[in-house]
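Visitor: From the sequence below, what's the structure:
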Amino acid sequence: MKAYVRGRSLRVPLTADVPQTVERLVGLGFTDARAEHVASAALKFSSEETDSLKRQLIPPTVWPGMVFVRRHFIEGREEVWLVFKHEGRAGWSLDSALFA
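Guide: Residues are numbered from 1 along each chain as shown. Below is the predicted model of the structure:
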């Protein structure tokens with residue numbers, strides 16, 4: 001078992017547009033296939049977190065600065081930990097991707 005995780009800071013704003021998010025990730029050095037997996041997972045997770053915050057009746061005024069982490073399996077057993085941050089009016093951004 002690995003005792004460390006490596007990754008990189010991304011700060012990619014998440015819009016409802018998967019191709020635009022993929023393009024930004026490819027520009028940061030991701031392969032096309034990996035960018036597609038990460039972008040679709042990131043948009044899904046950010047939507048789920050927004051729904052969760054709404055169900056908990058947490059007012060949107062306190063969302064800026066909130067962070068959450070989700071694990072996603074890419075191909076086979078390759079996993080990535082995605083770190084998200086709420087940027088206020090801009091919404092969620094994919095702050096970092098950590099590869100185990």
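
Visitor: now the helices: where do they sit in this structure?
Guide: 18-27, 32-55 (DSSP state H).

Visitor: How many residues are close by residue 41?
Guide: 18 (other C-beta atoms under 10 Å). C-beta coordinates here come from the backbone N, C-alpha and C atoms, glycine included.

Visitor: actually residue 24, not the one I typed
Guide: Applying other C-beta under 10 Å, we find 19 residues neighbouring residue 24.

Visitor: Likewise for residue 10?
Guide: What residue 10 shows, counting by other C-beta under 10 Å, is a neighbour count of 20.

Visitor: Who are the contact partners of residue 42?
Guide: Residues near residue 42 by C-beta atoms under 8 Å, 6 or more residues apart in numbering: 12, 14, 21, 82, 84, 94.

Visitor: what sits opposite the spatially closest residue to it that is not a sequence neighbour in the beta ladder?
Guide: Nearest residue to residue 42 in three dimensions, chain neighbours excluded: residue 94, at 4.8 Å (C-beta to C-beta, 6 or more residues apart in numbering). Beta-bridge pairing for residue 94 (DSSP bridges): residue 12, residue 84.
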